[in-house]
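J.: could you work out the structure for the sequence below:
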Amino acid sequence: MSEINPDNKCSHLYKQFPEVKNPLKTIFELQEKLQNQFGHDFNKMNYKERIEYIGKSWRNLCIEFGELMQRLPYKEWKKYKDQQISWPPEKEELKEIQFEWIDASHFLINICLALGIRWEEFRDIYLSKNKENFERQKRGY
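T.: From the prediction side, this is the model:
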């Protein structure tokens, strides 16, 4: 456990921010700025460095997903005594679950950045693929 946050809790960090014109752009820019502070300059990474970075980000993403799953009563064979199994859980626990998802999302965005996907491309690729997914369902995919 961290001395800064010994209980490893984040729900107390939550606050609402003023609405921004383009939240996806803001999220991608802030994540890239944070990675730059860690010395990860995506504009200067060569192919090998990007692949290594993606591998590390994938590992960290899996760890964060594991932490998220630890907060959920996901084992169908287990009887959970101390956990509420209806949705939604108590407000604080729901925020903790949501923060775990955001932790994982940081690494998803890192992978996007390492692949050269900026927010505009993410939006356009996502919307294009989403449209195709709907079309596939119409075609009986």
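
J.: residues touching Phe99, list them.
T.: 10-11, 13-14 (C-beta atoms under 8 Å, 6 or more residues apart in numbering). (Each C-beta comes from the backbone N, C-alpha and C, glycine too.)

J.: point to the residue nearest the middle of this protein.
T.: By C-alpha atoms, centre = their mean, the chain has its centre lying nearest to Ser105, at 1.0 Å.

J.: okay, buried residues for the worst-scoring helix or strand of the chain on mean pLDDT please.
T.: Least confident helix or strand of the chain, by mean pLDDT, DSSP states H and E, is helix 91-114 with a mean of 92. By 16 or more other C-beta atoms under 10 Å, the buried positions in helix 91-114 come out as 93, 95-97, 99-100, 103-104, 106-107, 109-114.

J.: I'd like the next helix or strand past that helix.
T.: Once helix 91-114 ends, the next helix or strand along the chain (criterion: DSSP states H and E) is helix 119-138.

J.: mind listing what's buried in that following helix?
T.: 119, 122.

J.: helices or strands up against that helix?
T.: Contacts defined by 3 or more C-beta pairs under 8 Å, 6 or more residues apart in numbering; DSSP states H and E place helix 119-138 against helix 23-37.

J.: which residues touch the helix it packs on?
T.: Here helix 23-37 makes contact (C-beta under 8 Å, 6+ apart) with 20, 42, 106, 109-110, 112-113, 118-120, 122-123.
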